[in-house]
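**Student:** Here is my input; please provide its structure:
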Amino acid sequence: MHPAPSRIGFVAGLVALLAAGCQTTTTTRRADSGQAVVVEKPQPRKAQPTGPNLNTDPCAMRLHDIAGALLLYYQSNHRLPARLDELPALPGEPPLQLVCPVSNTPYVYDPRGILMPETKSRVVIYDPAPSHFGVRWAVTISQPDEEGAAVVTKVIALPETTFRFQPAIR
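**Tutor:** Predicted structure coming up:
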């Protein structure tokens, strides 16, 4: 005994409604009864942006270039520059862009940095506003624990709360 055709259609329709948006539907005929049966084939969902992406965000990419120049400067001079415009362009690269491509405002630079105790690093360059999904891209620098070890820079996304109680840079 086979279920009524209307029941099959109802169940198949319900399944199709529940899966709408993430699956495609194909219709096939059952050889034994000739009834149409809906078969669902899962399709991958496109990822929706949920936040800044370090590998594709133009601001993060720009800050990577600046962080590389900062490391070269530090290696040659054993100190950070007083101003970002003192950084030379990387060999074979165009001049550094010191402005956020989203907000079109210059990056904030503070060689003293904002202390990040949990990572033993300092934020030395950052976006002037939370223009990237409500966060700011920033460059941190960590002094090595061992003498003679390399300085490490990282580009990270920081929440606005990181900057709330920081003194203004003059």
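**Student:** what ranges do the helices span in this structure?
**Tutor:** 5-18, 58-77 (DSSP state H).
**Student:** worst average pLDDT in those helices?
**Tutor:** Within the helices of the chain, confidence is poorest for helix 5-18, with a mean of 49 (mean pLDDT).
**Student:** per-domain residue ranges of the chain.
**Tutor:** Domain ranges of the chain: 5-42, 58-163, per automatic domain parsing.
**Student:** Need those in a markdown table (columns: mean neighbour count).
**Tutor:** In short, each C-beta sits where N, CA and C put it, glycine included. What follows is those, written out as a markdown table (neighbours: other Cβ atoms under 10 Å):
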| stretch | mean neighbour count |
| --- | --- |
| domain 5-42 | 11 |
| domain 58-163 | 15 |
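**Student:** OK, contacts around Val108?
**Tutor:** Ile125, Tyr126, Asp127, Pro128, Ile169 (Cβ atoms under 8 Å, 6 or more residues apart in numbering).
**Student:** same question, Pro159
**Tutor:** Pro130, Gly134, Val135.
**Student:** what ranges do the strands span in this structure?
**Tutor:** Assigned by DSSP state E, the chain shows strands spanning 23-29, 36-42, 108-116, 121-126, 135-142, 152-159.
**Student:** Sheet partners, orientation included, of the longest one?
**Tutor:** For strand 108-116, the paired strands and their directions (DSSP bridges) are strand 121-126 (antiparallel).
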